[in-house]
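1. need a 3D model of the sequence below.
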Amino acid sequence: GFGEPQVVFANESQMDLLAERLSMDPLELRRKNALTEGDQTITGHELTSSVGFREVLDRVAEASDWERKRKAYASGSGPARRGIGVAACYYGVGLGAMGKHLNPAGASVVVSADGSVTVAVGTTQIGQGMTVVLTQITAEALGCPPELVRVVEPDTSRVPDSGPTVASRTTVMSGNAIRDAATKIRAAMEPVVGGHGLAWRDAVFACVKNQVGLAAHGWAVPPETTFDLSNGQGEPYICYSFSANVVEVEVDTDTGETRVLRVFSGHDAGRVVNPTAGEGQVEGGVVQGLGYALMEEHLLKDGRILNDQFSTYIIPTSLDTPDIHAILVEHVYPWGPYGAKGLGETPIIGIAPAVTAAITQATGVRVHEIPATPERVWAALQKARSPAGAA
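-> Here you go, the predicted structure:
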């Protein structure tokens, strides 16, 4: 989500300030303004399908017991105070109109005589669960057992340039390229095995006996996108993933230390190919987002980073990890492979503003700069307690 966490922190902080001025529940304000099918985005993009924004908000509100806790925490007292906050966002999947020349993606699928399947794609596994998802898509498209599928390391000698592994695009683009190749293979198999109800390995053996080639290249080109730089209007992305996060914190008002208790992270990512991997992606993104919100900071002096070691650049550990509740909402995207969209980056994007919103409810002070370290929270509390701050 390069660039978007910073913008969403500012935007969602503004939404909370608006809610304060309107004396409105901050989650209700987001509900009233959430996009739905038939609405247009700020760029004039009419959304015709796969818009689960309101359901995501409703699901995180219900799971977190938002209304009850919001009221209960408002009357907190003593040095340790709790708060609950919310933030939401939507994210354009793929490289969009400004990256058209890098949009397409390729795949090579080869079925061997023993029924095993070798898959090569132009995107790469970087911890986001690509291999397991593409294995399942391949197995579904070919009708073979997933344990027979092997996704090999990416190599430009196998597959044409498929663009970078960014923008939450791998499932959609590489998945569709695999489906294209698999469709060609199934079409070649059909005259031999059609209507016989053969098991996968028996079907492959019959095709080998009949000298049928069981290899194909697939190519996926996304739907047309547009964007006019002169007026900021157009349909810049093929689709959007929607997310909302509710965060509960406890703040020590004597020291400024914030402890995150629970995170409820909801995402409309279209059809979730592998729910377990999807939950893992959400959990990892949430922890990264907590680091961004509370502790990760570059300290600069004369153009040099002072804390350039793991011992001085503080990141979250397992002891900093709260209860994380991943909520996966499935509003299928028709062009995506089996209705899937992207889930790569949305888990990290909206965490920081939800954390600072929770700190605000707990303490009555708003932190406008992140990370919300104990020093920053303490300084904001001291300023609010001073005669000038209170005035």
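2. what bits of the stretch 101-250 of the chain have low per-residue confidence?
-> For the stretch 101-250 of the chain, no stretch is flagged by pLDDT under 70.
3. okay, strands next: where are they in it?
-> Assigned strands in the stretch 101-250 of the chain, in chain order: 105-111, 117-121, 149-151, 215-220, 239-252 (criterion: DSSP state E, counting those that start in this stretch).
4. tell me where this protein has helices.
-> 4-22, 26-33, 53-64, 66-73, 130-142, 170-193, 200-209, 275-294, 346-349, 351-363, 374-385, 387-390 (DSSP state H).
5. any idea which residue sits dead centre in the protein?
-> Thr346 (2.7 Å; CA atoms, centre = their mean).
6. that residue: what's it in contact with?
-> 1, 89, 91, 168, 241-243, 267, 269, 285 (CB atoms under 8 Å, 6 or more residues apart in numbering). Glycine gets a C-beta too; all of them are placed from N, C-alpha and C.
7. tabulate the strands of the stretch 101-250 of the chain (CSV), appending mean neighbour count and distance to Ser162.
-> Converted to CSV, these look like this (neighbours: other CB atoms under 10 Å; distance: least, CB to CB, whole Å):
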stretch, mean neighbour count, distance to Ser162
strand 105-111, 26, 4
strand 117-121, 24, 7
strand 149-151, 20, 14
strand 215-220, 19, 9
strand 239-252, 27, 19
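8. now those strands as TSV including distance to Leu319?
-> Output for the strands of the stretch 101-250 of the chain, formatted as TSV (distance: least, CB to CB, whole Å):
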stretch	distance to Leu319
strand 105-111	40
strand 117-121	37
strand 149-151	34
strand 215-220	43
strand 239-252	15
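9. how near is Asp114 to Phe205?
-> 9 Å (CB to CB, to the nearest Å).
10. show me which of the two is the more surrounded one.
-> Phe205 (16 against 10; other CB atoms under 10 Å).
11. now that one. Nearest residue, chain neighbours left out?
-> Ala113 (7.3 Å; CB to CB, 6 or more residues apart in numbering).
12. could you measure from the one you found over to Pro374?
-> Between Ala113 and Pro374 the distance, using CB to CB, works out to 64 Å.
13. and the two? Which one has more around it.
-> Taking neighbours as other CB under 10 Å, Ala113 and Pro374 compare with Pro374 leading, 16 against 12.
14. who's in contact with the closest residue to that one other than its chain neighbours?
-> Leaving aside its sequence neighbours, Pro374 sits nearest to Gly256 (CB to CB, 6+ apart; 3.9 Å). Gly256 is in contact with 373-381, counting by CB under 8 Å, 6+ apart.
15. could you chop the protein up by domain?
-> 4-96+233-390, 104-220 (automatic domain parsing).
16. of those, which is nearest Thr226?
-> Distance to Thr226, taken as CB to CB, is lowest for domain 4-96+233-390 among the domains of the chain, at 4.0 Å.
17. mind listing the residues bridging to Val260?
-> Under DSSP bridges, the beta-bridge partners of Val260 are Val249.
18. wait, Cys207 sits on Ala215?
-> No - the criterion here is CB atoms under 8 Å, and Cys207 misses it with Ala215 at 11.3 Å.
19. about what we covered before: need the helices of the chain in JSON lines with distance to His331, can you?
-> Listed next are those as JSON lines, based on distance: least, CB to CB, whole Å:
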{"stretch": "helix 4-22", "distance to His331": "20"}
{"stretch": "helix 26-33", "distance to His331": "16"}
{"stretch": "helix 53-64", "distance to His331": "7"}
{"stretch": "helix 66-73", "distance to His331": "21"}
{"stretch": "helix 130-142", "distance to His331": "18"}
{"stretch": "helix 170-193", "distance to His331": "14"}
{"stretch": "helix 200-209", "distance to His331": "32"}
{"stretch": "helix 275-294", "distance to His331": "14"}
{"stretch": "helix 346-349", "distance to His331": "14"}
{"stretch": "helix 351-363", "distance to His331": "22"}
{"stretch": "helix 374-385", "distance to His331": "37"}
{"stretch": "helix 387-390", "distance to His331": "45"}
